[in-house]
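[1] I would like to see how this sequence folds:
(chains A, B, C and D)
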Protein chains: 2
Amino acid sequence: MTSSRATLIQVAERAGVSLASTSRALHGSGASEAMVERVRAAAAELGYSPDVTGRSLRLRKTFQIAFAVADIGNPVYVEMMTAIHEVLAPHGYRVVVMTTGDTPASTTELVRSLGSGFVDGMVLSPLRTDDGLVRAIKQAPVPVVVIGRSLGDQGIDSVSTDSAGGIGQAVRHLLETGRRRIGFLNGPPDTTPGEARRRGFDAAASDPGFAAERVEVALAEDFTVAAGVAAAHRLLAGAPDGGARLDAVVAANDLLAIGAIRAARELGLSVPEDVAVTGMDDTELGRVFQPSLTSVSLGSDERGHAAARIMLRLVDGDAGEPQTTSVGPRLVVRESTVPRPARASAPGEGVR
Amino acid sequence: MTSSRATLIQVAERAGVSLASTSRALHGSGASEAMVERVRAAAAELGYSPDVTGRSLRLRKTFQIAFAVADIGNPVYVEMMTAIHEVLAPHGYRVVVMTTGDTPASTTELVRSLGSGFVDGMVLSPLRTDDGLVRAIKQAPVPVVVIGRSLGDQGIDSVSTDSAGGIGQAVRHLLETGRRRIGFLNGPPDTTPGEARRRGFDAAASDPGFAAERVEVALAEDFTVAAGVAAAHRLLAGAPDGGARLDAVVAANDLLAIGAIRAARELGLSVPEDVAVTGMDDTELGRVFQPSLTSVSLGSDERGHAAARIMLRLVDGDAGEPQTTSVGPRLVVRESTVPRPARASAPGEGVR
DNA sequence: TAGTTTCCCGGAAACGTTTCCAGGAGATGT
DNA sequence: ACATCTCCTGGAAACGTTTCCGGGAAACTA
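    Model prediction:
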């Protein structure tokens, strides 16, 4: 917190050369060996470090990428952010975290604010989308890569995953392991993830091979453990018509799944013996939980990586057609669905 | 991704007034009512939004604050980041996430890079510290607030917590609930948190009222669940001299604690009946775990809030003496230490 | 040796904004 | 009616950097 910093002009004076040469010697090309040495020495003496705001203004480039989600505390988004940072940092880009708010309108406002030019691009994972948001993204003054929905046909670069298909994988797994009375624990259906999960479950349930005898659905107020506990209680409290109790719960989310396990325990049911539970997202939380959680991985880190790589391509001016890249869902079977755990691996397996 | 954006000059031309007046009309004071209206209209027609890089250059202010830690995926740091963002965003500051690397040297390098002026300040939580880092922080060209160690006497603004005292609270709690053979599961002792925990345990163990009959220590390779499992196995495998097995484990961290619970289960021990386990940090993970984890809260969000508020004060030029503010540790008793859970509250208690 | 190319260097402009400064117009006071 | 003051406006400079452009010297070719 000391003396004001040295500027390029001062370095130039110190080295006794022009400003232009100084700049060239430090960054660009076209400087003689002697010049480079001389300027370097002067810069070192003065402890010069280039000012990025001046640089940004001239270059029209900030070397910053925004990452915007509704809830930066959500483990899934944390994983994405980490992945994005991993890819971007080595290329000299900084990551700015932002929150979208819950509504399409607030998200749209955020996208519009990109006009201020504080970042070179934005990786966005909107919780809810509408036409206005899509329009805003298309008109954004900097590249926007969307994680969550395939908007390639809309002319928007996006990284998607087949979470609907993932729900299908979970359902099939439960049927294959003998479950017949299946509850579907979803979050708010007006969100992008909620809508996709619902679609996935409906598709699975209308499959010819769908052998379930009983199906019930409950909606949690949001994608949290607490909401999951409450909704799962309704699901597991007992069949309203006196039918047999559910023996499996497909949760839209690891947090909801853990809520379901908790509710089951509170009702005196054991997991997986009495009721099997599947989650989605394959979070650390689910991996270390006891019983460890069977979950559909949606490759949060892969998606983050992919989005970041697309972003790098875009900010380097390599435009090309907007495209949707997709990472496949992958069921990871753990203790919460199979009575004799398939834990053939070493202690602490799946734990980082 | 369309036409290049409108500049203030274009707004001025459109409004038919000078550049200076345009700027004043939009931000500053000293513009007539008519002028403001006229300029506003022109700006609206052109869809003008001010360019922050130009603004930053002139104002010598970026409205950005860096948040730097070793591992941005760590739940504790995520909580801090969220808290910091909550405080700063309403004041118009953006948060830039950065990683310090594992060593004091890499952290020092990061602090030095602040000379480039891409942020107005940095909230830093270094994993390891040395004299060079302390010097670099003191000489940093922008305010730095350190979370983790009290460096107020070194002339550095910092937010600390008494994690050593927190370990003491955990130990006392275990003694009070009848435990007598206590294991201490620490992380790398050369880290700031590791060192503080060790100090705390040593202090507790040398207290006159320390009634334990047996004490053992194990060091995990890092602060992760996997490392915790491995180290806890050593701790719980049985006393080398054939003495009675430990009946309590004080872990330096929630992740290590969960590792310990897992190891206990693998050894056929039940928690908390056979062995009680305490964690530290009071993370979401520990709250939803089964058994829910008795943990010492170090107020990650409080610390984040405090650091952000100090930062706001600093960037607003209100210097004052560097100070250390401290938030107290707070033991939260849950199922992992008391056989008959004190869960008097509603289902899903402590779960967000 | 003269002409041509290559290589470096310095001057100056530009990126978009805020603010200092001077001046003009109108209002107020005597 | 004149001086003084207040209020508003426009010109111009400044923040720190990169890069275009022109020119001079050196190196090459014929």
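[2] strands of the stretch 51-200 of chain A, start to end?
    For the stretch 51-200 of chain A, the strands defined by DSSP state E, counting those that start in this stretch cover A:64-69, A:94-99, A:121-125, A:144-147, A:158-161, A:181-186.
[3] how far away is the nearest residue to residue A:227 once chain neighbours are set aside from chain B?
    Nearest non-adjacent residue to residue A:227, counting by CB to CB, 6 or more residues apart in numbering or on different chains: residue A:220, 3.8 Å away. Just so you know, the C-beta spots here come from the backbone N, C-alpha and C atoms, and that holds for glycine as well. Applying CB to the nearest CB, to the nearest Å, the value for residue A:220 to chain B is 11 Å.
[4] who touches residue A:220 in this structure?
    A:185-188, A:227-228, A:230-231, A:256, A:259 (CB atoms under 8 Å, 6 or more residues apart in numbering or on different chains).
[5] ok, residue A:185 next?
    Going by CB under 8 Å, 6+ apart, residue A:185 touches A:218, A:220, A:228, A:231-232, A:235, A:249-252, A:256-257, A:259-260.
[6] is it in a bridge, and if so with what?
    Counting by DSSP bridges, residue A:185 is bridged to residue A:218, residue A:251.
[7] next helix or strand past the helix or strand encompassing residue A:20?
    Of the helices and strands defined by DSSP states H and E, residue A:20 is found in helix A:19-26. Using DSSP H and E, the helix or strand that directly follows helix A:19-26 along the chain is helix A:33-46.
[8] and the contacts of that next one?
    So helix A:33-46 is in contact with A:6, A:10-12, A:14-17, A:21-22, A:24-26, A:31, A:48, going by CB under 8 Å, 6+ apart.
[9] ok, now with 10 Å
    A:5-8, A:10-17, A:21-26, A:31-32, A:48-50 (CB atoms under 10 Å, 6 or more residues apart in numbering or on different chains).
[10] the residues you listed, buried ones only, as a PyMOL selection?
    Those of these that count as buried under 16 or more other CB atoms under 10 Å in any protein chain shown are selected in PyMOL with:
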select buried, chain A and resi 5+6+8+11+12+14+15+17+21+22+23+24+25+26+31+48+49+50
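[11] the contacts of helix A:33-46 also near DNA strand D: which ones?
    A:5, A:7-8, A:22-24, A:26, A:48, A:50 (CB under 7 Å from any atom of the strand).
[12] now for those residues, which pair is the farthest apart?
    A:5 and A:24 (20.8 Å; CB to CB).
[13] burial count for the nearest residue in space to residue A:165 that is not next to it in sequence?
    Distances taken as CB to CB, 6+ apart place residue A:329 nearest to residue A:165, at 5.7 Å, with adjacent residues excluded. By other CB atoms under 10 Å in any protein chain shown, 22 other residues sit near residue A:329.
[14] in the stretch 151-300 of chain A, which residue sits nearest chain B?
    Per CB to the nearest CB, the residue of the stretch 151-300 of chain A with the smallest distance to chain B is residue A:229, at 3.9 Å.
[15] surely that residue meets residue A:256?
    Yes - Residue A:229 is within contact range of residue A:256, at 9.0 Å (criterion: CB atoms under 10 Å).
[16] what's the closest non-adjacent residue to residue A:330?
    residue A:297 (4.7 Å).
[17] hmm, back to that, any figure for the gap between the residue nearest to residue A:227 and DNA strand C?
    As judged by CB to the nearest atom of the strand, to the nearest Å, residue A:220 and DNA strand C stand 45 Å apart.
[18] returning to that earlier point: more crowded one of residue A:229 and residue A:256?
    Neighbour tally, residue A:229 and residue A:256, criterion other CB under 10 Å: the higher count belongs to residue A:256, 31 against 25.
[19] SS state for the more buried one?
    helix (DSSP: H, G, I helix; E, B strand; the rest coil).
[20] check it and give its pLDDT.
    Note on residue A:256: pLDDT of 98.
[21] how about the one 4 residues further on?
    What the model reports for residue A:260 is a pLDDT of 98.
[22] for residue A:279, see how far away it is.
    In this structure, residue A:260 and residue A:279 are 9 Å apart, going by CB to CB, to the nearest Å.
[23] tell me, what's touching these two both at once?
    A:185, A:228, A:249-251, A:293, A:336.
[24] which one of the residues you listed is nearest residue A:84?
    Taking CB to CB as the measure, residue A:84 sits nearest to residue A:293 out of these, at 25.0 Å.
[25] and the closest one, what is it in contact with?
    Applying CB under 10 Å, 6+ apart, the residues near residue A:293 are A:251, A:254, A:257-258, A:260-261, A:271, A:277-283, A:285-287, A:332, A:334-337, A:350.
[26] likewise for residue A:64?
    Contacts of residue A:64 (CB under 10 Å, 6+ apart): A:52, A:56, A:88, A:93-96, A:118-122, B:64, B:94, B:96, B:118.
[27] now the helices for chain A?
    A:8-15, A:19-26, A:33-46, A:52-59, A:75-88, A:104-112, A:131-139, A:163-176, A:192-205, A:225-236, A:254-266, A:284-288, A:300-315 (DSSP state H).
[28] buried residues in the last one?
    Which is helix A:300-315. Going by 16+ other CB under 10 Å, helix A:300-315 has these buried residues: A:300-312, A:314-315.
[29] pretty sure residue A:299 contacts residue A:307?
    No - between residue A:299 and residue A:307 there is no contact under CB under 10 Å: 11.4 Å.
[30] between these two, which contacts overlap?
    By CB under 10 Å, 6+ apart, residue A:299 and residue A:307 have these common neighbours: A:80, A:83, A:159.
[31] in a markdown table, list those along with neighbour count, pLDDT and distance to residue A:103.
    Listed next are those as a markdown table, based on neighbours: other CB atoms under 10 Å in any protein chain shown; pLDDT from 0 to 100; distance: CB to CB, whole Å:
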| residue | neighbour count | pLDDT | distance to residue A:103 |
| --- | --- | --- | --- |
| A:80 | 26 | 98 | 21 |
| A:83 | 21 | 98 | 26 |
| A:159 | 30 | 97 | 23 |
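[32] what's the burial count for the closest residue to residue A:259 other than its chain neighbours?
    Nearest non-adjacent residue to residue A:259, counting by CB to CB, 6+ apart: residue A:228, 2.1 Å away. By other CB under 10 Å, the residues close to residue A:228 number 35.
[33] please apply the same query to residue A:243.
    By other CB under 10 Å, 12 other residues sit near residue A:243.
[34] residues touching it, list them.
    Residue A:243 neighbours (CB under 10 Å, 6+ apart): A:181, A:213-214, A:216.
[35] who's in contact with residue A:163?
    By CB under 10 Å, 6+ apart, the neighbours of residue A:163 are A:148, A:192-193, A:195-197, A:199-200, A:252, A:280-281, A:296, A:298, A:329.
[36] now do residue A:256
    Contact analysis of residue A:256 by CB under 10 Å, 6+ apart lists A:185-187, A:197, A:218, A:220, A:222-225, A:227-229, A:231-232, A:249-250, A:277, A:279-281.
[37] any residue of stretch A:135-147 touching chain B?
    Yes - Stretch A:135-147 lies within reach of chain B by CB under 10 Å from any CB of the partner chain, at A:137-144.
[38] only alpha carbons, please: show that stretch as CSV.
    Extracted C-alpha coordinates of stretch A:135-147, given in CSV (Å, rounded to 0.1, in the frame of the first residue of the first chain):
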residue,chain,number,x,y,z
ARG,A,135,-33.2,-12.7,-27.5
ALA,A,136,-30.9,-10.9,-25.1
ILE,A,137,-28.3,-13.7,-25.3
LYS,A,138,-28.4,-13.6,-29.0
GLN,A,139,-27.9,-9.9,-29.1
ALA,A,140,-25.3,-9.8,-26.4
PRO,A,141,-22.3,-7.7,-27.3
VAL,A,142,-19.9,-10.4,-26.1
PRO,A,143,-20.0,-14.2,-26.5
VAL,A,144,-22.3,-16.1,-24.2
VAL,A,145,-22.1,-19.8,-23.6
VAL,A,146,-25.2,-21.4,-22.0
ILE,A,147,-24.9,-24.4,-19.8
